[in-house]
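K.L.:
Output the structure for:
(one chain, ligands or ions: 3)
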Amino acid sequence: MKKLFVHLGDRSYPILIEKGLLEQVGEEIKKVYAGRKIFVVTDVHVNQHYGRNVLTSLEHAGFQVDLLALPAGEETKSFHILPKIYNQFLDFKLSRSDLIIALGGGVIGDIVGFAASTYLRGVPYVQIPTSLLAQVDSSVGGKVAVDLDRGKNLVGSFYHPKLVLIDPNVLHTLEERFFWDGMAEVIKYGCIKDVNLFNELKNYQSMEMVMEHIENIIYRCCEIKKEVVEEDEKDTGNRMLLNFGHTLGHAIETFYQYKKYTHGEAVAIGMYEISKRAEEKGLTEKGVAEQIMQIVQQYHLPYQLEIPSLTPILETIQLDKKNINDVLHVILLKRIGESYIKETTIDFFK
Ligand SMILES: NC(=O)c1ccc[n+]([C@@H]2O[C@H](COP(=O)([O-])OP(=O)(O)OC[C@H]3O[C@@H](n4cnc5c(N)ncnc54)[C@H](O)[C@@H]3O)[C@@H](O)[C@H]2O)c1
Ligand SMILES: O=C(O)C(=O)C[C@@H](O)[C@H](O)[C@H](O)COP(=O)(O)O
Ligand SMILES: [Zn+2]
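P.N.:
Numbering: from 1, shown residues only. Ligands and ions are numbered 1, 2, ... in the order given. This next block holds a predicted model:
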């Protein structure tokens, strides 16, 4: 088993990565939780594949369990869904000394983490990420949130899980589009921190080839993320580097109301478009945007919008969390593997 540990004082937690780990979920949870009641929140797709097995494993380990399966998709990561989750917790008489499990992709991880952080002012929870995106990125770092109509992740908190349990075998049931979606965040990690990872990704010509190396890829992304989060837990400094491609990416998702592009697809466009502009301004080494265009295409991701100009989507950028006192902080690459924060204005994108 591959293991990482996020060191954050009394908010520290392990990340476990192993094929087949889901079958031992009950035993693994027992090591970090001495109570009896566990509430599992998942979505209908994940429930169909893994819900019953997870409940059985928890029951065999002696836990009293209940499960809520929400509709799948970004629409579920909405403020309006929260009362449904809180009400189920109440019906189960879930108390502060009990445990919540978020079993699913980034949508479930984010909304369930936020529900856990707010219900009774905070109940411990465990992340069991089942999409590639969630395994390489969203399950680690404690950013939990819901969307508002006017933008992504606008209501949230920093609330870390007690454990992250990653079983790469579950990726075999992921729709292909969501496999590539997760690869966008993997490419992001290569771009911002690891040229070797970026170059390695150039070698894999199919999903099967990626899957042969998947444990190492997940490990490396989680390792980069945990190091960044340990240095800047609350996103006031270098954690913003994890937002490469997201300033535009989030605005694209919001503009299309989450119907046209997945998170990873929007981030892929964001990484290319910002690097193209940075290159034109002499802020990024020449050739970087072209390399990003090549790699995102190799991974079946878009690199530009189907509309000729970014202008219609720029308004949403004003609501970006990196817009501090009207100064926009964007993430740029010096070169592949080296990133930095640049203070600018909305005109950067025009
Ligand atoms: N908190 C963070 O740090 C962070 C980081 C990156 C992204 N995010 C957020 O994550 C969300 C996107 O996450 P996502 O791409 O995982 O989307 P998602 O949760 O909607 O999952 C994608 C699809 O795959 C299905 N699915 C998940 N696991 C499956 C499996 N093993 N087998 C079959 N189907 C499966 C889901 O039901 C869904 O239909 C966005 O809201 C984004 O903002 C958060
Ligand atoms: O963990 C982080 O920090 C990130 O920026 C990771 C991103 O991949 C992720 O999409 C995150 O949810 C974006 O956060 P936000 O603060 O821009 O809403
Ligand atoms: Zn992201």
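
K.L.:
who touches the helix or strand where residue 289 lies?
P.N.:
Following DSSP states H and E, one finds residue 289 within helix 288-298. Here helix 288-298 makes contact (Cβ atoms under 8 Å, 6 or more residues apart in numbering) with 184, 187, 191, 198, 201-202, 205, 268, 271-272, 275-276, 278-279, 302-303, 333, 335-336. (C-beta placed from N, C-alpha, C; glycine too.)

K.L.:
Please apply the same query to stretch 145-153.
P.N.:
Here stretch 145-153 makes contact (Cβ under 8 Å, 6+ apart) with 74, 77-79, 81-82, 110-111, 114, 143, 154-157, 250, 253-254, 258, 316, 319, 321.

K.L.:
Ok, stretch 340-350 next?
P.N.:
Contacts with stretch 340-350, where a contact means Cβ under 8 Å, 6+ apart, come from 238, 240-241, 248, 273-274, 277-278, 281, 283, 310-311, 314, 317-318, 327-334.

K.L.:
Stretch 245-256 and ligand 1, any residue contact?
P.N.:
No: figure legend: stretch 245-256 not in contact with ligand 1 (Cβ under 6 Å from any ligand atom); closest approach 7.6 Å.

K.L.:
Identify each buried residue in that stretch, please.
P.N.:
Going by neighbour count (16 or more other Cβ atoms under 10 Å), the buried part of stretch 245-256 is 245-255.

K.L.:
same deal with stretch 161-170?
P.N.:
For stretch 161-170, the neighbour count (16+ other Cβ under 10 Å) marks 161-168, 170 as buried.

K.L.:
and if you look at stretch 42-55?
P.N.:
Buried-residue list, stretch 42-55, by 16+ other Cβ under 10 Å: 42-43, 45-47, 49-51, 54-55.

K.L.:
start to end distance for that stretch?
P.N.:
12 Å (Cα to Cα, to the nearest Å).

K.L.:
tell me the mean pLDDT over it?
P.N.:
What stretch 42-55 shows for mean pLDDT is 98.

K.L.:
could you dump the buried residues of stretch 42-55 to CSV with secondary structure?
P.N.:
Below are the buried residues of stretch 42-55 laid out as CSV (DSSP: H, G, I helix; E, B strand; the rest coil):
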residue, secondary structure
42, strand
43, strand
45, helix
46, helix
47, helix
49, helix
50, helix
51, helix
54, helix
55, helix
